[in-house]
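Engineer: when you get a sec, could you give me coordinates for this:
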Amino acid sequence: MDPVEQLKQTCDQIARRFEEFKKENDNAIKKGVSDALAEANLANLSQAIDDLTGKREDLEKRVKADAEARVALERAVNELKLKGTPDNADEAKSIIVYHETMKALSHKRGLPIPAALSPEEYRGLSAVQRKWLRQGKDALNAEETKALQAGLDTDGGFYVNPDLTGRIVSKTFDLSPIRQIASVLSIASDALEGIEDITEADAAWVGEVATRTDTNTPTIGKYRIETFEMYASPKATQRLLDDSSIDIEAWLAGKVADKFARLEGAAFCVGTGGNKPRGFASYTTAATADATRAWGQLEHVVTGANGAYHTTGADPLFTLLGAFKPRYLPNARWVTRREVIAATRKLKGSDNNYLWQPGLQAGQPDRLLGYPIVLAEDLPALSTNGLSMAFGDFREGYQIVDRLGVRTIRDNLTDKPYVKFYTIKRTGGQVVNFEAIKFIKFST
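Structural biologist: Residues are numbered from 1 along each chain as shown. The predicted structure is shown next:
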């Protein structure tokens with residue numbers, strides 16, 4: 001079945017299950033007593049909604065990938081003015097990634113930007129890398145070695161062909177939810193430094209001939225985000241590499257991207273900053289407003305119950321929204337875990353309408369109080385004092401920094417008969433605006 005039609009059917013199923021959930025929950029509220037059967041039914045319906053939501057998200061990615069491939073093919077032909085038409089959209093997209101990455105590397109090293117490759121020339125370069133992945137550097141002739149070393153770094157390691165780099169980066173982005181909502185910047189150094197402008201200049205009304213006294217001068221600070229190294233080391237036997245008909249590049253990209261995404265996901269949420277990015281849920285929080293809270297702390301609003309919502313229900317959510325300056329709300333979103341969503345689905349507003357609403361059209365996420373919801377299972381679990389739900393403008397509040405380049409070393413010596421592909425990427429992250437992100441704290 002066409003993915004677009006599957007997506008429509010899945011959205012319809014979510015809508016039906018949510019109506020069943022609301023009816024069951026309304027009946028439980030009317031009874032006013034705890035009913036084990038009703039709670040079990042609600043849990044089953046909530047799980048069904050979660051499963052269908054996951055299916056919807058997968059289908060949305062497929063539909064989006066198809067659309068991007070078509071755009072990539074047109075862009076490859078029209079913008080890059082390639083000498084020949086690529087065989088397919090995936091090849092066109094790979095050529096685009098190659099040229100964009102080579103431009104960035106050339107700029108970093110102060111070298112001229114290389115000329116655009118034709119599809120035939122690009123296929124030749126890709127073939128060299130596949131040969132290197134399967135057989136190693138010693139199997140390459142002089143011309144092939146020269147082609148592979150086009151991305152040679154100063155420390156002597158081979159950069160992965162930008163085609164593969166693009167695959168890894170693209171898949172990591174798809175798998176890492178915080179990357180999709182935060183600010184992401186690629187740099188050529190080991191750290192990013194920026195200015196913190198956190199105070200205002202004083203001013204006052206004054207009479208025509210009154211004395212003018214000095215007013216306070218605003219102060220500025222500086223932040224520094226270091227990049228930290230993460231690695232993956234998938235391996236395969238030399239016989240498999242020699243005989244296999246599988247796409248070795250795709251296999252390697254998939255293994256590495258999955259490992260990197262899981263490491264990043266946890267670090268961007270709860271990382272301590274020690275040899276890894278600092279997660280936004282690792283900072284000290286306080287129940288004080290922006291005007292009085294120390295810079296470097298994030299604000300929280302308590303639910304009134306340990307590890308759960310209080311009988312006041314959604315009041316803390318409205319309180320949290322009211323604590324934000326208006327400029328952060330247009331791009332704000334919720335970030336939380338599935339068990340928190342399961343508890344939140346039961347909440348109603350003063351108009352007796354449910355506050356959580358499912359996304360029932362392609363590209364539309366589930367919403368809470370009208371704001372999109374992003375699932376991040378690496379946030380702290382729902383428990384006493386748990387910072388299990390965040391809200392805010394993460395593009396303003398959290399900065400991710402990537403050092404340009406993914407590097408792979410082929411090692412066929414240390415673990416015979418296996419060949420290891422030791423792949424390295426450097427990334428960092430931390431909160432840069434402590435007004436833009438706030439938490440719901442599940443505590444009294």
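
Engineer: now the phi/psi pair for the closest residue to Thr237 other than its chain neighbours, please.
Structural biologist: Spatial nearest neighbour of Thr237, excluding adjacent residues (Cβ to Cβ, 6 or more residues apart in numbering): Pro417 at 5.2 Å. The C-beta positions use only the backbone N, C-alpha and C, and glycine is treated the same way. Phi and psi for Pro417, reported as degrees, to the nearest 10, are phi -90, psi 20.

Engineer: ok, the one 3 residues further on next?
Structural biologist: Geometry field for Lys420 lists phi and psi as phi -90, psi 140, criterion degrees, to the nearest 10.

Engineer: what do you get for the one 3 residues further on?
Structural biologist: The phi and psi torsions at Thr423 (degrees, to the nearest 10) take the values phi -120, psi 140.

Engineer: quick one: it from Asp2, how far?
Structural biologist: Using Cβ to Cβ, to the nearest Å, we find Thr423 at a distance of 36 Å from Asp2.

Engineer: neighbour count: those two, which is higher?
Structural biologist: Thr423 (25 against 8; other Cβ atoms under 10 Å).

Engineer: pretty sure that one sits against Lys235.
Structural biologist: No. Counting by Cβ atoms under 8 Å, Thr423 does not reach Lys235; the two are 11.3 Å apart.

Engineer: one step back: gap between the residue nearest to Thr237 and His310?
Structural biologist: Here Pro417 is placed at a distance of 61 Å from His310 (Cβ to Cβ).

Engineer: what about the two, which has more around it?
Structural biologist: His310 (14 against 11).

Engineer: ok, that one touching Val301?
Structural biologist: No. With contact defined as Cβ under 8 Å, His310 does not reach Val301; the gap is 11.5 Å.

Engineer: find residues that contact each of those two.
Structural biologist: Residues touching both His310 and Val301 by Cβ atoms under 8 Å, 6 or more residues apart in numbering: Pro316.

Engineer: tell me the contacts of Ala314?
Structural biologist: Contact partners of Ala314, counting by Cβ under 8 Å, 6+ apart, are Leu347, Lys348, Gly349, Leu355, Leu369.

Engineer: repeat that for Ala210.
Structural biologist: Neighbour list for Ala210: empty [criterion: Cβ under 8 Å, 6+ apart].

Engineer: likewise for Glu196?
Structural biologist: Taking Cβ under 8 Å, 6+ apart, we find Glu196 in contact with Ile220, Gly221, Lys222, Tyr223, Trp295, Val432.

Engineer: confirm that it sits in a helix.
Structural biologist: No. Checked against DSSP: H, G, I helix; E, B strand; the rest coil, Glu196 lies outside a helix; its state is strand.

Engineer: can you give me the domain boundaries for this structure?
Structural biologist: Split into domains by automatic domain parsing, the chain comes to 3-78, 98-151, 158-197+218-337+376-444.

Engineer: got TSV for those, with distance to Trp205 and mean pLDDT too?
Structural biologist: Listed next are the domains of the chain as TSV, based on distance: least, Cβ to Cβ, whole Å; pLDDT from 0 to 100:
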stretch	distance to Trp205	mean pLDDT
domain 3-78	55	82
domain 98-151	51	67
domain 158-197+218-337+376-444	19	87
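
Engineer: A helix includes Asp202, no?
Structural biologist: No. Counting by three-state DSSP, Asp202 is not found in a helix; it is coil.

Engineer: just the pLDDT for it.
Structural biologist: At Asp202, the model reports a pLDDT of 75.

Engineer: Thr215 is in contact with that one, correct?
Structural biologist: Yes. When contacts are counted by Cβ under 8 Å, Asp202 is listed as touching Thr215 (3.8 Å).

Engineer: now do Asp51 against Gln9, distance only.
Structural biologist: 14 Å.

Engineer: next, count neighbours for Val432.
Structural biologist: Val432 has 17 neighbours, counted by other Cβ under 10 Å.
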